[in-house]
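Q: the following comprises the amino acid sequence and a computationally predicted model.
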Amino acid sequence: MRLQITVILTDIIHLLPDNIANQIAAGEVIQRPGSAVKELLENAVDAGADQIRLIINDAGKSLVQVIDNGKGMSETDARMAFERHATSKITNIDDLFRIRTMGFRGEALASIAAVAQVELKTKREEDHSGTYIEIENSKVVKQEPVAVNKGTSIAMKNLFFNVPARRNFLKSNTAELRHIVDEFVRVAMAFPDIFFSLQSNGQEVFHLEKGSLKQRIVQILGNSYNAKLVSVQEQTDYLNIMGFVGKPETAKKTRGDQYIFVNNRFIKSAYLHHAIMNAFADLIPKDSFPMYALFIDLDPAQLDINVHPTKQEIKFEDDKIVYAFVNSAVKHALAQFSITPTLDFDLDPNIQRLDAVSKPVSDEQRNSTASSSLYQTFSQKNQAHFIERSSNLTHWKDLYETPSVPQPAKETEVLHKDYEAEAPMLQLHQTYIVVQDNKGFLLVHQQSAHERILYERYVRAIEGRPIATQQSLFPATIELSPSDAVLLQELLPDMKELGYQLEAFGNNTFIIQGTPADVISGNEKMAIENILEQYKHFSNDLKYSRREKLLRSMCLQNAIKAGTILSAKEMQGLVADLFACEVPNATPNGKPTYMTFSREEMDKMFGR
Ligand code: ADP
Ligand code: MG
């Protein structure tokens, strides 16, 4: 008899249950509360709403809710909406090239339902009652009729409650809130004819009435852009561009106010960013960024938006044409702004759009605009329009060029207390202070020295020796963009210890009650704006705490700049303060504050 050995080879492949498959797929679409914000806002836009409210708690970690007055869903559609690949927006592959909606992949709601608890209320105009559905782990746990107005409300609660590993990956509330604000702004900017509001922990952060694009930009980015926007508008058979760029003088050292939309979809494109930067090349200092919000419209067949799950990257059929077009359109706009008077922002937006207002005034100018048919010239290099520098920019180079720091001398000694405090000091190039000491002389860089002095003073202040505040007799107010207001609110307690007494006044406005003594009166507003600007510059720097970033921003902002004439007394005070520092020889960023030149070396050089 033969012995039979049977090995049972079990099959090992199986289908994942829906909720797990959805959880995995959700990883691509819903990475953080901000991603849900984007998807839910886009759905509300696609539903034709003209009022959209976003409510978040705990930076979206406990609640993201979007309420719209759009077309709503039937009872069956409301259930279907949460299935994977369930969409009302496309039916076949060709539709992908006719897309006019923000969504089409049918994944967002399925993903959200897989990683959070969801409550949906929705009603169509024609239905008597609406539908309420509660979902958890991709399963409907409750459904019942509900009395609601036309439209849809989707609340996403406790994101990643069932995927703790991903919950742990979420960043601080501040960071997540910033993502949410970014997403909110990108959608709100693209649809100025929709009312948007954003409420965070019960406080209304944005309240954006319907209006023109220009009004929307100013509402979002702040009043400082009022009357500082240049309209960009070109139309061709192939593509259109419209929108605004900030006048050159509004360029900032930090990125943040740059927006490109293609068919109303916010996209990230280093390539088109370059096209715009290039148009500004000689008008703004290097390392600074102009504001822009540009809308490119073209036949959806000329694009592939389906190259990325969040659709922030797209592919143009012919990206060189788009580059050249964007570049010339911006150059053209900038050239026009230097010859046309600025339009008053408060004009009725409809009047502003009239040709007679928005086009150059004289016949000659009108003809030249008409004949400079962009489409024909934009691809010819250097053919774009002559751009005059506005007069106040003539000296920008002098203003922005940072003084070069000399190489450290060979034997740099750490402490030089032996200089003669009363000795006459000499200022060179309004930047360097020559100080004689008993070994030779020192060359002190006034700005770097002051950065060090302030840094140590601020550190002491934070450690419990608050800086004296000089009270303003006539307190100024400062109005910020909503996102800057959120930021400032966060920094208020620390700023108080550093001598800035600010009080929130609602509506993104703060009253400046007092500032540290070294802030020149009249400059309070600018000082605070610059500190915020500097702070944002550090904002992605993980190695510094919030306080440290604030300290460093304040040093950079408040230090005496190179190019400032100092009196003998000021020089003496500065040098004395420098050498009273714990680490006098370098700025907080590690640049040298002074160099030593010894007599011995000098003698040697002169052959003595
Ligand atoms: P997509 O937007 O890609 O179609 P979603 O998962 O975001 O996929 O939404 C699925 C479907 O649910 C949409 O196609 C739409 O029909 C419906 N839907 C989602 N949100 C809303 C809303 N706020 N109002 C009306 N219908 C909605
Ligand atoms: Mg969608």
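A: Structure received. Residues are numbered from 1 along each chain as shown. Ligands and ions are numbered 1, 2, ... in the order given.
Q: so what's the model's average confidence on stretch 107-121?
A: In this model, stretch 107-121 has a mean pLDDT of 95.
Q: is that stretch anywhere near ligand 1?
A: Yes: using CB under 6 Å from any ligand atom, we find that stretch 107-121 touches ligand 1 at 107, 108, 109, 110. Yep, even glycine has a C-beta here, placed from its N, CA and C like the rest.
Q: what about that stretch, near ligand 2?
A: Yes: shown here: stretch 107-121 in contact with ligand 2 (CB under 5 Å from the ion) through residue 108.
Q: and for stretch 37-49?
A: Yes: for stretch 37-49, a contact with ligand 2 is found by CB under 5 Å from the ion, at residue 43.
Q: buried ones in that stretch?
A: Neighbour counts over stretch 37-49 (16 or more other CB atoms under 10 Å) mark 37, 38, 39, 40, 41, 42, 43, 44, 45, 46, 47, 49 as buried.
Q: neighbour count and secondary structure added to the residues of stretch 107-121 next to ligand 1, as a markdown table?
A: Below are the residues of stretch 107-121 next to ligand 1 laid out as a markdown table (neighbours: other CB atoms under 10 Å; DSSP: H, G, I helix; E, B strand; the rest coil):
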| residue | neighbour count | secondary structure |
| --- | --- | --- |
| 107 | 21 | coil |
| 108 | 24 | helix |
| 109 | 27 | helix |
| 110 | 23 | helix |
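Q: including distance to residue 578, could those residues go into CSV?
A: Shown next, in CSV, are these (distance: CB to CB, whole Å):
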residue, distance to residue 578
107, 60
108, 58
109, 61
110, 62
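Q: which one of those residues is nearest residue 69?
A: Closest approach between those and residue 69, by CB to CB: residue 109, at 18.8 Å.
Q: was I right to think the closest one contacts residue 81?
A: Yes: counting by CB atoms under 8 Å, residue 109 does reach residue 81; the two are 5.0 Å apart.
Q: in strands only, show me the buried residues of stretch 37-49.
A: Among the buried residues of stretch 37-49, no member is found in strands (DSSP state E).
Q: tell me which of those residues is nearest to residue 494?
A: Distances from residue 494 to the buried residues of stretch 37-49, taken by CB to CB, are shortest for residue 37, at 28.2 Å.
Q: tell me the contacts of the nearest residue to the closest one once chain neighbours are set aside?
A: Spatial nearest neighbour of residue 37, chain neighbours left out: residue 183 (4.7 Å); criterion: CB to CB, 6 or more residues apart in numbering. Residue 183 is in contact with 34, 35, 37, 38, 41, counting by CB atoms under 8 Å, 6 or more residues apart in numbering.
Q: inside helices: which ones of these?
A: 34, 35, 37, 38, 41 (DSSP state H).
Q: tell me which of these is nearest to residue 139?
A: The closest of the ones in helices among the contacts of residue 183, once distances to residue 139 are taken by CB to CB, is residue 35, at 22.0 Å.
Q: and that closest one, how many neighbours?
A: Residue 35 has 24 neighbouring residues, counting by other CB atoms under 10 Å.
Q: show me what contacts the nearest residue to it once chain neighbours are set aside?
A: Among residues not flanking residue 35 along the chain, residue 29 sits closest, at 6.4 Å (CB to CB, 6+ apart). Each residue near residue 29 by CB under 8 Å, 6+ apart is listed here: 35, 39, 107, 108, 111, 309, 310.
Q: if you set the cut-off to 10 Å instead, what comes out?
A: Residues near residue 29 by CB atoms under 10 Å, 6 or more residues apart in numbering: 35-36, 38-39, 105, 107-112, 114-115, 309-310.
Q: do residue 23 as well
A: 16-17, 30, 111, 113-115, 137-138, 160, 162-163, 166.
Q: quick check: it is in a helix.
A: Yes: assessed by DSSP: H, G, I helix; E, B strand; the rest coil, residue 23 belongs to a helix.
Q: distance of it relative to residue 161?
A: When distance is defined by CB to CB, to the nearest Å, residue 23 is 12 Å away from residue 161.
Q: go on, residue 218?
A: In terms of CB to CB, residue 218 sits 39 Å off from residue 161.
Q: neighbour count: the two, which is higher?
A: Between residue 218 and residue 161, counting by other CB under 10 Å, residue 218 is the more crowded of the two (21 against 15).
Q: and that one, what element?
A: helix 213-221 (DSSP states H and E).
Q: report the distance from that helix to the chain centre.
A: Here helix 213-221 shows a centroid-to-chain-centroid distance of 14 Å under the convention CA atoms, centre = their mean, to the nearest Å.
Q: how close does residue 255 sit to residue 589?
A: Taken as CB to CB, the span from residue 255 to residue 589 is 20 Å.
Q: who does residue 262 bridge with?
A: Applying DSSP bridges to residue 262 gives these bridge partners: residue 265, residue 296.
Q: now do it: how many residues are near it, please.
A: Neighbours of residue 262 (other CB under 10 Å): 22.
Q: tell me the confidence at it?
A: pLDDT, read off for residue 262, is 94.
Q: ditto for residue 134
A: Confidence score, pLDDT, at residue 134: 97.
Q: was I right about it contacting residue 141?
A: Yes: with contact defined as CB atoms under 10 Å, residue 134 and residue 141 form a contacting pair (5.1 Å).
Q: of the two, which one has the most company?
A: Higher neighbour count among residue 134 and residue 141: residue 134, with 16 against 11, using other CB under 10 Å.
Q: coming back round to it: now do the helix holding residue 218, average pLDDT.
A: For helix 213-221, the per-residue pLDDT averages 94.
Q: now swap in stretch 46-57 and tell me
A: 97.
Q: run the chain-centre distance for that stretch.
A: 22 Å.
Q: that one: end-to-end distance?
A: 25 Å (CA to CA, to the nearest Å).
Q: quick one on the thing from earlier: between residue 134 and residue 141, what contacts are shared?
A: Joint contacts of residue 134 and residue 141 (CB under 10 Å, 6+ apart) are 117, 118.
Q: now the helices for the stretch 1-150 of the chain?
A: 18-29, 33-46, 75-80, 108-115 (DSSP state H, counting those that start in this stretch).
Q: on that earlier part again, redo the contacts of residue 183 as a markdown table? Include pLDDT and distance to ligand 1.
A: A markdown table is the format used below for the contacts of residue 183 (pLDDT from 0 to 100; distance: CB to the nearest ligand atom, whole Å):
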| residue | pLDDT | distance to ligand 1 |
| --- | --- | --- |
| 34 | 96 | 16 |
| 35 | 95 | 12 |
| 37 | 98 | 13 |
| 38 | 96 | 10 |
| 41 | 98 | 9 |
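Q: the host helix or strand of residue 154: partners in the sheet, and parallel or antiparallel?
A: Per DSSP H and E, residue 154 falls inside strand 151-157. The pairing partners recorded for strand 151-157 under DSSP bridges are strand 63-68 (antiparallel), strand 117-123 (antiparallel).
Q: burial count for the residue of the chain found nearest ligand 1?
A: Proximity of the chain to ligand 1 (CB to the nearest ligand atom) peaks at residue 103, 2.3 Å away. Residues lying near residue 103 (other CB under 10 Å) number 19.
Q: pretty sure it is touching residue 109, no?
A: Yes: using CB under 10 Å, residue 103 is in contact with residue 109, at 9.4 Å.
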